[in-house]
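*Asks:* sequence and predicted structure, then a few things I'm wondering about:
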Amino acid sequence: METRIMGRTGMKVSALGFGGAETGFHHATVPMATVTNLLNGALDAGVNVLDTAECYGDGETQIGRAVGHRRGDYYLFTKVGHGRAAGFDWPDFAPALLEPSFQRSLKRLRTDYVDLLLLHSCPLEVLRDGRAVEALQKFKKSGATRHIGYSGDGQAALWAIESGIFDCLETSVSIADQEAIDLTIPQAQRRGMGVIAKRSIANAAWITGRKPEDSYAVPYWERLRELQYEFLTWDVAASVAVALRFTLSIAGVHTVLVGTKKADRWRENLAIAAQGPLEPALLERIRGRWKAVAGPDWSGLT
C-alpha cells in the first residue's frame, strides 16, 4: 500500500487508516472475534494507522485486545475531551477530566504511549482558554504521546493550525464535506502538519436511496440530494470507489480513515486505494459542483 510521510511528525503512514468509530459505537453488534480478524487482516495488508477515541464505546478496548501484542506494527491515535459521553462524571474538556481519561485510554489500549493524542472536537473557546491544550503538551513532554493534534473542523480547526501548537489536524473531508479543502488543509500543509481525513466517504449516506436512519449521516444525505453528482447514480461499488478516491486525491491529506465492521469491505477499500487518485477531470467536476451548490452553512461536520 502507498505510504506518505506525515508532515513534520515523520510518521510513514499508510494512505488508508482504520477508523475505530464504526466498531466502537456499535460494539454490541460486533463480536470480538470479528474485530480481531478485521484489525489483524488490515495490519497484514499494510494498514498501519489505527484511530480511535475515548468515547467510541469499547473501541479502545477492542484494539488493545485484538492487536495490542502487535504494537510495533501500527501508529496508534486516540482522543480526549468527552466527559459524560465517555463515562466520566465531568463536563467535556474539564481540566480534571483529561489526565484520568488518557490514563484509562492507555490501559484499554494495552500500551504505555500513543503516537498521536488529539483534542476531540473541542470548541474554539476551549482552545483559547488554554488549559486543555496545556494538558496535551504535558502528556507529550512526558512521552505518553509522541505527538499532539486537534480533531475538528471550521474556525476552531483554523485556530489550532495557526496557534503553531499542534503537530496534526484530523478533519472531515468527503464529497459532501469540502470546507477543509480550502479553509484549513492548505494552512496545515504550509506549516508542515500531518493531516488525517475522517468521515471520508460521507457515511455512504446515498447507497440505500433512502434517508439514513442514523441521524449522524442525515446532513450528508441532504447535501448529496442537492449536489446530484452523476456518479451517485452508478452502481454502489462504483460510486463508493469514486467517493473514496476523491478523498485520497486531496492534496495535503496524508492518511484517510475508513471505518467498517466487515473484513471483506476492508479488502475492497484497499483495492480502491490501489487504483490511485481520481482522474483530474472528474476531480474538478466534483469540486466545481461543490463550489456551485454548497450553501454558506455547509460547514465541516464533526
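*Replies:* Great, that's in hand. Numbering: from 1, shown residues only.

*Asks:* with adjacent residues omitted, what lies nearest to the most centrally placed residue in the chain?
*Replies:* For the chain, the residue nearest the mean C-alpha position is residue 198 (3.1 Å; C-alpha atoms, centre = their mean). Computed as C-beta to C-beta, 6 or more residues apart in numbering, the closest residue to residue 198 that is not its neighbour in sequence is residue 257, at 4.9 Å. C-betas here are computed from N, CA, C, even on glycine.

*Asks:* next secondary structure after the strand or helix carrying the one you found?
*Replies:* When elements are assigned from DSSP states H and E, residue 257 belongs to strand 255-258. For strand 255-258, the following helix or strand on the C-terminal side (DSSP H and E) is helix 263-274.

*Asks:* report all helices and strands that that following helix contacts.
*Replies:* Identification of packing neighbours for helix 263-274 by 3 or more C-beta pairs under 8 Å, 6 or more residues apart in numbering; DSSP states H and E yields strand 16-19, helix 32-44, helix 236-248, strand 255-258.

*Asks:* would you format those as a markdown table with mean neighbour count and mean pLDDT included?
*Replies:* Shown next, in a markdown table, are the helices and strands packed on helix 263-274 (neighbours: other C-beta atoms under 10 Å; pLDDT from 0 to 100):
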| stretch | mean neighbour count | mean pLDDT |
| --- | --- | --- |
| strand 16-19 | 27 | 96 |
| helix 32-44 | 17 | 93 |
| helix 236-248 | 20 | 97 |
| strand 255-258 | 27 | 97 |
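
*Asks:* turn those into TSV, columns for distance to residue 71.
*Replies:* What follows is the helices and strands packed on helix 263-274, written out as TSV (distance: least, C-beta to C-beta, whole Å):
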stretch	distance to residue 71
strand 16-19	15
helix 32-44	11
helix 236-248	27
strand 255-258	18
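
*Asks:* nearest to residue 203, of those?
*Replies:* Of all these, it is helix 236-248 that lies closest to residue 203, at 10.2 Å by C-beta to C-beta.

*Asks:* which parts of this protein are strands?
*Replies:* Here the chain has its strands, by DSSP state E, at 3-5, 12-14, 16-19, 49-51, 75-80, 114-120, 145-151, 168-172, 194-198, 255-258.

*Asks:* how about those strands in JSON lines, adding distance to residue 268?
*Replies:* Shown next, in JSON lines, are the strands of the chain (distance: least, C-beta to C-beta, whole Å):
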{"stretch": "strand 3-5", "distance to residue 268": "20"}
{"stretch": "strand 12-14", "distance to residue 268": "16"}
{"stretch": "strand 16-19", "distance to residue 268": "11"}
{"stretch": "strand 49-51", "distance to residue 268": "18"}
{"stretch": "strand 75-80", "distance to residue 268": "23"}
{"stretch": "strand 114-120", "distance to residue 268": "27"}
{"stretch": "strand 145-151", "distance to residue 268": "26"}
{"stretch": "strand 168-172", "distance to residue 268": "22"}
{"stretch": "strand 194-198", "distance to residue 268": "18"}
{"stretch": "strand 255-258", "distance to residue 268": "10"}
